[in-house]
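Chemist: Build me a model from this:
(chains A and B)
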Amino acid sequence: MGRTRPVVFVGGVVVIVLALAYLVYGGIQQGATYWVTVGELLSKDPSVPQDRVRLGGTVVPGSVTWDGSHQHLRFAVTDGAKSIPVRYSGIVPDIFREGRQVVVEGRLTSDGAFAATTLLAKCPTKYNPADPQGQVPR
Amino acid sequence: MADLGRFSLLAAFVLALYALLAAALGGRARRPEIIQSAARALWAVAALEVVAAAVLALVLARRDYTFTYVVSHVSNAQALVYDLTSFWGGMEGSLLLWALILSAYTVLVVRAVGRDHPRLLPGVIGVCAGVAAFFLFMLTRVTSPFVTTPFPPADGRGMNPLLLNPWMAIHPPTLYLGFVGLTVPFAIVIASLLEGAVDEGGVLLARRWMMWAWYCLSMGLMFGAKWSYVVLGWGGYWAWDPVENAALMPWLVATAFLHSVMIQERRGMLKQWTVLLVVLAFGLSIFGTFLTRSGVLSSIHSFTQSPLGTYFLVFLAAVMLAAFGLVAWRWEALRSENTLDSALSRESVFLLNNAVFLATAFTVFLGTVFPVVSEVLTGRKINVGPPFFAHVVTPLALVLLLLMGVGPLIAWRRASPANLRQSFLTPGAVGVALGLGLLAAGMRVPGAVLTFTLCGFVAGTIGLEFARGIRVRRAHQGEGLVRAFLGLVLQNRRRYGGYTVHLGILLLFAGLTGSSVFSTQRLVTLHPGETVRIGEYRVRFDGLRQSTNGGALVITAGLRAFSGERDLGALEARRNLFLAGEDSTTDVALRSTLRDDLYVTLTGWTDKGDATLRLLVNPLVAWLWIGGLVISAGAAIAMLPERRAVRVVQPVLGGAWSPGDM
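Modeler: The predicted model follows:
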């Protein structure tokens, strides 16, 4: 590119930047989920979002139950101090089990349970944990 | 043994620092003998790293549980081949692999540069030695693979069973070959900038290495996708996970470079831009290694919590600042001889292609680091998941698909509306015919119809290019069809290798669209003997079986698939419950055809012998893997050495295409 850039070229750059900004904005609107802790979610603080949130914590040992057909899963997630019941039906990762760290995405329902649409479990050996085991980070 | 490993790495670290220093001083004083000694130091670094790697491989193979690395990645029950592949199963080993590959590349590139471009030698040695020194510092001071324990256990913990798979055994080294390969063009470009501007020889050498890195990254991405599909059992192959994005970002930037470098070679344009792309690709390779290896990916943790992450970020920031500073300093010397003649030209299509590739890379980057950015800006971590990526990347990918068809049809410098009409006619007709055909066949998803229409258009373009080339050869040299085809491809390897890669990408688009838009799934609980219908298939559940395999209890659901009345044979969906680690893995019942994949996983069962199955029909998935093979063939053709491209000085007359053009 030299000193004489065609107007078309500059216009093209502007169009691309605007289009990208528009796409990114729309994407964030669609995909954004807020990270919260169990304590925050239960605090009923109005500044804490209740909808489309991502909740990280440890699966409470002894809390995992399946229904008869093994399709619907219930368990509780704790941040060490408080815990919340979680309902989930969908793909359960192979590495999901009690005492492991998980991330659930979904919303808090009126009956006080967390309805999860996504369940992610942390692979314990694939990556080295960044902080000591068992401590639930913010 | 541990001492030998530790000593080798420490000595290698010291020698790498020496090489860095000697290259800097020797380059400044123009003293070839000092530069030579720096090069020899890098040979010694390579040799010492081989020793360290041999030690690690040996203790892994011998299951020497005095090493904590062995304890965490090897167990008595594990197959020997996976003991060895656990070399790169953990962070320490994979950093050692990084350093080892870098040294191998360094030895090769130092030889080539010393022979053909001795001016660049000090810079190349300096950059390679600097990067090697960083990784050796990590390996000696921060996260050593040779940590021993005074009380060795009788058995190790072994790798996560999910990683015990052939695809996962070759995926990391392939990806690392690509990641590390990005260091070499970076070293060449930095060396050129230190000497003045980037000349053509340097660019060509950088391009060749970038091509290799691109090829390895592509294959690494494919292997990872295949592993995800056959092992994880969720029915998909790409989840926009940060690990995947880490490899995708440098791939996108490398792809942009491979296109813009053509403009630079042919027209002497975009020099500043290609240099920036090389620097960016290298930065993303370090960022990617940091993402995959620093623990930030556990997704629950915030970035920079581990000391490892801090080191990586400081190194990355320092290198990027220095490199961009250098580029800014040489900005005027990098100014191009030529300017864009017309908005309607192949150059401007390539420019747009580069802009879109970079926009895509930026989007992926933004989505990956969004939790951190949002935490800094708003005080609350916000995640953007697959919906974000799908929303932003899909339109960008479609623009790229369109450009892939437009680029080869449009003339260099300035295209006239008349020749545009003429060259777009056939491929456009192919695309429209395909689109209308699909509409008539009942396809009603607008995005899918659009994608397949564009695929038809691009296929038409590629077919036309091959057909024209063959026709010209047959007319001028009277060759037979096969001979003309082979001669065409072999004498214009980069061009037709590139088109072959495009063909592979096209198949990839078809596979992606088919499997993401038209996938159907069902979750059912069945009694033995019951049948479930999914898509065109019927699947009968024949009962559960229990067996043991090594350290695992295996639950097998016997299945039989039917299409209409036709018996397609038996399938087995399994769950392996590992008794020791409480882990479990899934074996997918998979029946793959060119049309679609029947994909069944066993998600649960009851004491009465009922099974809960998740069934999916994923159309066109096989074309993803075929596309990968085609890409690999095309890249292989393009990487064969070839004589230099000729610059276009005169505008091409009489149409967009002429023999030997490109």
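Chemist: Count the residues that sit near residue B:471.
Modeler: Number of residues near residue B:471 (other Cβ atoms under 10 Å in any protein chain shown) recorded here: 12. Backbone N, C-alpha and C define where each C-beta goes, glycine included.
Chemist: do the same with residue B:239
Modeler: 17.
Chemist: Kindly report the same for residue B:13.
Modeler: 23.
Chemist: Ramachandran angles for it?
Modeler: Main-chain torsions, residue B:13, degrees, to the nearest 10: phi -60, psi -50.
Chemist: Could you grab the helix/strand/coil label for residue B:133?
Modeler: helix (DSSP: H, G, I helix; E, B strand; the rest coil).
Chemist: Check the residue in chain B that chain A sits nearest to and give its pLDDT.
Modeler: Of all residues in chain B, residue B:604 sits closest to chain A, at 2.4 Å by Cβ to the nearest Cβ. For residue B:604, the pLDDT comes out at 85.
Chemist: Domains in chain B, by residue range?
Modeler: Per the record, chain B has its domains at B:1-159, B:165-332+B:350-384, B:416-516, B:520-619, by automatic domain parsing.
Chemist: I'd like these as a markdown table, with distance to residue A:45 appended.
Modeler: What follows is the domains of chain B, written out as a markdown table (distance: least, Cβ to Cβ, whole Å):
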| stretch | distance to residue A:45 |
| --- | --- |
| domain B:1-159 | 38 |
| domain B:165-332+B:350-384 | 12 |
| domain B:416-516 | 38 |
| domain B:520-619 | 36 |
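Chemist: Among these, which comes closest to residue A:102?
Modeler: Closest to residue A:102 of the domains of chain B is domain B:165-332+B:350-384 (Cβ to Cβ; 8.7 Å).
Chemist: now the helices for chain A?
Modeler: Assigned by DSSP state H, the helices in chain A fall at A:7-31, A:38-42.
Chemist: Residue 18 - how many residues pack around it?
Modeler: Using chain A here. A total of 10 residues lie near residue A:18 under the criterion other Cβ under 10 Å.
Chemist: Switch to chain B, please.
Modeler: Residue B:18: 18 neighbours (other Cβ under 10 Å).
Chemist: Over to the one 4 residues further on?
Modeler: Burial of residue B:22 is recorded as 26 neighbouring residues (other Cβ under 10 Å).
Chemist: The most centrally placed residue in chain A and residue B:395, how far apart?
Modeler: What sits nearest the mean C-alpha location of chain A, by Cα atoms, centre = their mean, is residue A:54, with 3.1 Å. Using Cβ to Cβ, to the nearest Å, residue A:54 is found at 26 Å from residue B:395.
Chemist: Same question for residue B:286.
Modeler: The value you get for residue B:286 to residue B:395, if Cβ to Cβ is used, is 30 Å.
Chemist: Assign residue B:78 to helix, strand or coil.
Modeler: Classified using three-state DSSP, residue B:78 is coil.
Chemist: Now for the nearest residue to residue B:112 once chain neighbours are set aside, how many residues are close by?
Modeler: Of all residues not flanking residue B:112 in the chain, residue B:205 sits nearest, at 6.8 Å (Cβ to Cβ, 6 or more residues apart in numbering or on different chains). For residue B:205, the count of nearby residues is 22 (other Cβ under 10 Å).
Chemist: which residues does residue B:205 contact?
Modeler: B:109, B:112-113, B:116-117, B:188 (Cβ atoms under 8 Å, 6 or more residues apart in numbering or on different chains).
Chemist: how about it, secondary structure?
Modeler: On the basis of three-state DSSP, residue B:205 is classed as helix.
Chemist: Now do the same for it: its pLDDT.
Modeler: Note on residue B:205: pLDDT of 91.
Chemist: ditto for residue A:134
Modeler: Per-residue confidence at residue A:134 stands at 31 (pLDDT).
Chemist: do the same with residue B:299
Modeler: Reported pLDDT for residue B:299: 43.
Chemist: Equivalent analysis for residue A:125, please.
Modeler: 42.
Chemist: export the helices of chain A to TSV and tack on distance to residue A:98?
Modeler: Below are the helices of chain A laid out as TSV (distance: least, Cβ to Cβ, whole Å):
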stretch	distance to residue A:98
helix A:7-31	30
helix A:38-42	16
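Chemist: Export those helices to CSV and append columns for mean pLDDT.
Modeler: CSV is the format used below for the helices of chain A (pLDDT from 0 to 100):
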stretch, mean pLDDT
helix A:7-31, 85
helix A:38-42, 85
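Chemist: least trustworthy helix or strand in chain B by mean pLDDT?
Modeler: strand B:382-384 (a mean of 85; mean pLDDT, DSSP states H and E).
Chemist: Off-centre distance for that strand?
Modeler: 25 Å (Cα atoms, centre = their mean, to the nearest Å).
Chemist: What is that strand packed up against?
Modeler: helix A:7-31, strand A:32-36, helix B:346-378 (3 or more Cβ pairs under 8 Å, 6 or more residues apart in numbering or on different chains; DSSP states H and E).
Chemist: picking up where we left off before, residue A:94 is nearest to which of the domains of chain B?
Modeler: Closest among the domains of chain B, using Cβ to Cβ: domain B:520-619, at 5.1 Å.
Chemist: Now residue B:262: closest residue in space that isn't a chain neighbour?
Modeler: With Cβ to Cβ, 6+ apart as the criterion, residue B:262 has its nearest non-adjacent residue at 6.9 Å, and that residue is residue B:350.
Chemist: Wait, the one you found touches residue B:257, no?
Modeler: No - between residue B:350 and residue B:257 there is no contact under Cβ atoms under 8 Å: 11.5 Å.
Chemist: Neighbour count: the two, which is higher?
Modeler: Remark: of residue B:350 and residue B:257, residue B:257 carries more neighbours, 29 against 24, as counted by other Cβ under 10 Å.
Chemist: Can you report phi and psi for residue B:77?
Modeler: Per degrees, to the nearest 10, the backbone of residue B:77 is at phi -80, psi -10.
Chemist: Please tell me I have it right and it contacts residue B:551.
Modeler: Yes - using Cβ under 8 Å, residue B:77 is in contact with residue B:551, at 4.9 Å.
Chemist: Please, which helix or strand holds residue B:538?
Modeler: strand B:537-549 (DSSP states H and E).
Chemist: what are the C-alpha coordinates of that strand, in CSV please?
Modeler: Taking C-alpha atoms only, strand B:537-549 is exported to CSV below (Å, rounded to 0.1, in the frame of the first residue of the first chain):
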residue,chain,number,x,y,z
TYR,B,537,-32.1,-45.9,10.8
ARG,B,538,-33.7,-48.4,13.3
VAL,B,539,-31.5,-49.6,16.2
ARG,B,540,-32.4,-52.7,18.2
PHE,B,541,-31.1,-53.1,21.8
ASP,B,542,-30.1,-56.7,22.3
GLY,B,543,-29.1,-56.6,26.0
LEU,B,544,-26.3,-55.7,28.3
ARG,B,545,-23.1,-57.7,28.9
GLN,B,546,-20.4,-57.3,31.6
SER,B,547,-16.8,-58.2,31.3
THR,B,548,-13.4,-57.1,32.5
ASN,B,549,-10.6,-55.7,30.5
